[in-house]
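*Asks:* this is the structure alone, sequence omitted:
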Ligand code: GDG
């Protein structure tokens, strides 16, 4: 049975050394719940670090650890102390985390940490690859493993790989500052499906893919390495039922069953009917906007003194990454701020902030959620923020107000919350007042809307949708009807050559026989290509015809020493027996109107250029910023369409080139011209471009039409790249 291999930095379990050896406790976090159906309920495997370094597990314990972990359907990746220092605390948390959360000033770039990150991603790749069997799928999680998709894809190209980023993907302007930006993108592009929490992160990623990696992006699909990679947003949900049920249990408990914290909370709330509690829960992380929140709370107490002694901010800050200096600094800052405000405002019976710096058991978490009138969640940047959703799930009476930063991914789905800008203290203070004074009917109305959405899109649903999308992601037949030119099909073509009298071999040039170069004039035929074509031409049953958009001077010069048929300028000129003739009588007086217009686009689009041919003008933008160039293409279309409306001119969109030419000439008409002249009972045609589609469409049914690259086509077959074309042509030589 096919399985899913889940990969994350940490395994969803705690491994501890105990007196009797090794103790493994499964953790019950949101991710583990979401993955349950693909992990526990099927024969899935989870690959990740156990939490113990190689130094902590001596050799004698290793087998015990492996066995204990295996029982939980997990496989450990062994990491050393040095790995944790450099890959985890170093590159992941001192480089990627701040960079992706827009904290450029905190982003350190250290070569040793980068090398370690690469090495550890390779360690993960080894373990993942060792687990893969035919038909398996791989789902990789988060920023610690950005290079892993490509490492796995390189070894196992047939395996379907999904990648999900739990943190924001920053805008191009931020991402571009990073020295290893290209490598990170290449790493991610090994996946077949790339998921983000929100459309904004998706949009930022696609922009970097276009502008840094120079890949073709159409809507949410990237063409790369002859694969189509799907990018989509999947807002992660929570285990809604778990939180709702825990809240219901909390209400049912009698005084004896209550926790110490619950009793203290009750005590505070019973002081008067106007006593209110405001809650915040987060890891102590600089992205969570903790100092802003405390300062805004201070501002609130000064602006609305009537709330003193009536409200209390309960702040649970969970220790996190305390080895990293910025986190130590944040801890000091938070301690000082809480101390100062409590010192300034406290009375004998009231302290404004209750501050807990620790983790709490789940039961206490529920005590806090269910006892708080307002949740005040103010991150300055947060991929999603599950705390906001958990608060909503525990409000079984449908009361309570969520005040949420608009910088969280969650805010996009939670429009009934009171949204705030975490940098605007005035707004936070006023919104907090609005929340505290909100009529119950309005609270219920807002909470009902939130609960409907959050309960529907639970973490299980999130995982299910991602897996469904992964299933269809690799199914490229959705877009491409052509079949792969397999060895079997190649043999059939060769058989047809042998059985027929004469075969016409129509070959496009750029992108088919040679790869694209930065400058079109550099893509000259190489020695090997000449040799290959000569060997084919030795077969008297095959006639070669190069059919290209290049001008006749260039083609004529390059192939001067051969006797191949040549068709140039997209079908305007035809060379046979070394004699050129015009297939179409075309004018070019329109150029004086079109060229000045295109020149204004060259001036406004850096790195683009104009090529004037005998009967067409081409605007090349392969070296330009693709995002900008694509906008220009739309503009050019608009400007030129009205100009050419009563002419026989047409605008053609090639591979990073836009060409204006007469519609009277095209490769289809030109190819038919050759066929009218001589009877060929077998035809093979290869091309990569949009312009070759005319040829594929117009050729008789018996032609073997072959598209180069994974693109929409009317051709029957496809090959991936120039190298594959050459290897196919080589089979035609019989050598
Ligand atoms: C990253 C992204 C994205 C907190 N304190 C305690 C405790 N928690 C639990 C909460 C919640 C989780 O931790 C925190 O999740 P968040 O989503 O709020 O934040 P990050 O840890 O930064 O997570 C974030 C997330 O990944 C998922 O993709 O939403 O944007 O930064 O579930 O309940 N749990 C217990 N005791 C505590 O003291 N038991």
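*Replies:* Thanks, I have the structure now. Everything quoted here is computed from the prediction, not taken from an experiment.

*Asks:* so where do the helices sit in the stretch 151-300 of the chain?
*Replies:* Remark: helices assigned in the stretch 151-300 of the chain by DSSP state H, counting those that start in this stretch are 172-175, 181-188, 199-211, 240-252, 260-269, 290-303.

*Asks:* so for residue 323, which of these sits nearest?
*Replies:* Nearest of the helices of the stretch 151-300 of the chain to residue 323, taken as CB to CB: helix 290-303 at 18.7 Å. Bear in mind the C-beta positions are built from the backbone N, C-alpha and C, glycine included.

*Asks:* and the next helix-or-strand element following that closest one with the ligand, contact?
*Replies:* Sequence-wise, the next helix or strand downstream of helix 290-303 (DSSP states H and E) is strand 311-318. Yes. Against the ligand, strand 311-318 shows contacts by CB under 6 Å from any ligand atom at 316, 318.

*Asks:* for the chain, what lies in contact range of the ligand?
*Replies:* Checking the chain against the ligand by CB under 6 Å from any ligand atom, the hits are 30, 166-167, 236, 281, 283, 316, 318, 359-360, 362, 365, 382-387, 390.

*Asks:* and residue 138, what element?
*Replies:* Per DSSP H and E, residue 138 falls inside strand 137-141.

*Asks:* now list the buried members of the residues of the chain next to the ligand.
*Replies:* Using 16 or more other CB atoms under 10 Å as the burial test, those include 30, 166-167, 236, 281, 283, 316, 360, 365, 382-387, 390 as buried.

*Asks:* at which residues are the helices of the stretch 351-500 of the chain located?
*Replies:* Using DSSP H, counting those that start in this stretch, the helices of the stretch 351-500 of the chain run over residues 362-371, 386-394, 410-413, 425-436, 440-456, 459-473, 487-499.

*Asks:* got the contact list for the second one?
*Replies:* Identification of contacts with helix 386-394 by CB atoms under 8 Å, 6 or more residues apart in numbering yields 30, 236-238, 240, 243-244, 246-247, 250, 279, 281-282, 365-366, 369-370, 372, 375, 377, 400, 402, 404, 408, 410, 414, 417, 447, 450-451, 454-455.

*Asks:* repeat for the third one
*Replies:* Contact with helix 410-413 is made by 198-200, 235, 382, 384-386, 388-389, 404-405, 417, 419, 453-454, 457, as judged by CB under 8 Å, 6+ apart.

*Asks:* the helices of the stretch 151-300 of the chain: lowest mean pLDDT?
*Replies:* Among the helices of the stretch 151-300 of the chain, helix 260-269 carries the lowest mean pLDDT, a mean of 89.

*Asks:* contacts only, for the closest residue to residue 629 other than its chain neighbours.
*Replies:* In space, and not counting its chain neighbours, residue 629 is closest to residue 621: 3.9 Å by CB to CB, 6 or more residues apart in numbering. Residues counted as contacts of residue 621 (CB under 8 Å, 6+ apart) are 605, 607-608, 629, 632-633, 656-658.

*Asks:* which two among the buried ones among the residues of the chain next to the ligand are spaced furthest apart?
*Replies:* Pairwise distances across those (CB to CB) peak at 23.8 Å, for the pair 167 and 360.

*Asks:* circling back: now do the residue nearest to residue 629 against residue 632, distance only.
*Replies:* 7 Å (CB to CB, to the nearest Å).

*Asks:* before we move on, what about residue 284?
*Replies:* On the measure of CB to CB, residue 284 and residue 632 end up 48 Å apart.

*Asks:* quick one: stretch 445-461 to chain centroid distance?
*Replies:* When distances are taken as CA atoms, centre = their mean, to the nearest Å, stretch 445-461 is centred 26 Å away from the chain's centroid.

*Asks:* list the buried residues of it.
*Replies:* 446-447, 450-451, 453-455, 457-460.

*Asks:* of all the residues you listed, which comes closest to the ligand?
*Replies:* Closest approach between those and the ligand, by CB to the nearest ligand atom: residue 459, at 9.2 Å.

*Asks:* now the closest one. Nearest residue, chain neighbours left out?
*Replies:* Using CB to CB, 6+ apart and skipping residues adjacent in sequence, the residue nearest residue 459 is residue 34, 3.7 Å away.

*Asks:* in what helix or strand does the one you found lie?
*Replies:* According to DSSP H and E, residue 34 maps onto helix 30-35.

*Asks:* packing partners for that helix?
*Replies:* Packing partners of helix 30-35 (3 or more CB pairs under 8 Å, 6 or more residues apart in numbering; DSSP states H and E): helix 459-473.

*Asks:* still on that earlier bit, what pLDDT, on average, does the helix holding residue 34 get?
*Replies:* Here the average pLDDT along helix 30-35 is 80.

*Asks:* buried stuff in stretch 221-237?
*Replies:* For stretch 221-237, burial by neighbour count (16+ other CB under 10 Å) applies to 221-225, 227-237.

*Asks:* from the residues you listed, which is closest to residue 696?
*Replies:* residue 223 (18.8 Å).

*Asks:* the closest one bridge partners, please.
*Replies:* As for beta bridges, residue 223 partners with residue 216, residue 228 under DSSP bridges.
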